[in-house]
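In: Coordinates only, no sequence provided:
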């Protein structure tokens, strides 16, 4: 079994033991994922590039918790929608590989339609 499936099963077990599925509709899960992503961003708000590097080193565990919150909602939402997240990610990487060929995109942050 894949790591994503194993983790998703643990997430569902945690949720179901608390009878929370009734609250986990697609909209609220997507909203919660976005709110947690904003909490990740909050760690870096108003900091210079050097401050960010120092802060990230000294606050790694707090940032990791916020990233985990995003991932927990992501894994559950994908499962609730019947999306095979591993497969979807692999397909997206393949698609991005076509949109951003190495010879055109290497070292550039240009969007694919401007390469």
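Out: Nice, I can see it. No experiment lies behind these values; they were computed from the predicted model shown. Numbering: from 1, shown residues only.

In: Contacts for the helix or strand where residue 76 lies, please.
Out: Remark: residue 76 resides in helix 60-80, with elements defined by DSSP states H and E. Under the criterion C-beta atoms under 8 Å, 6 or more residues apart in numbering, residues 4, 7-8, 11-12, 15, 24, 26, 29-30, 32-33, 36-37, 39-40, 43, 56, 84-85, 88 lie in contact with helix 60-80. The way it works is simple: take the backbone N, C-alpha and C, and place the C-beta from them, glycine included.

In: Produce a ChimeraX select command limited to the buried residues of those.
Out: The following ChimeraX line selects those of the contacts of helix 60-80 that are buried, judged by 16 or more other C-beta atoms under 10 Å:
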select :4,8,11,12,15,29,32,33,36,37,40,85
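
In: low-scoring stretches of this protein, by residue?
Out: Within the chain, the set of residues satisfying pLDDT under 70 comprises 1.

In: Show me the domain layout of it.
Out: According to automatic domain parsing, the chain comprises the domains 3-83, 85-115.

In: distance from the centroid: which residue in this protein tops it?
Out: In the chain, the greatest distance from the average C-alpha position (C-alpha atoms, centre = their mean) is reached by residue 103, at 27.9 Å.

In: hey, where'd the helices end up in the chain?
Out: Defined through DSSP state H, the helices belonging to the chain, from first to last, are 3-17, 26-42, 49-58, 60-80, 85-99, 102-105.

In: can you tell which of these is closest to residue 111?
Out: Closest approach to residue 111 among the helices of the chain is made by helix 85-99 (9.0 Å; C-beta to C-beta).
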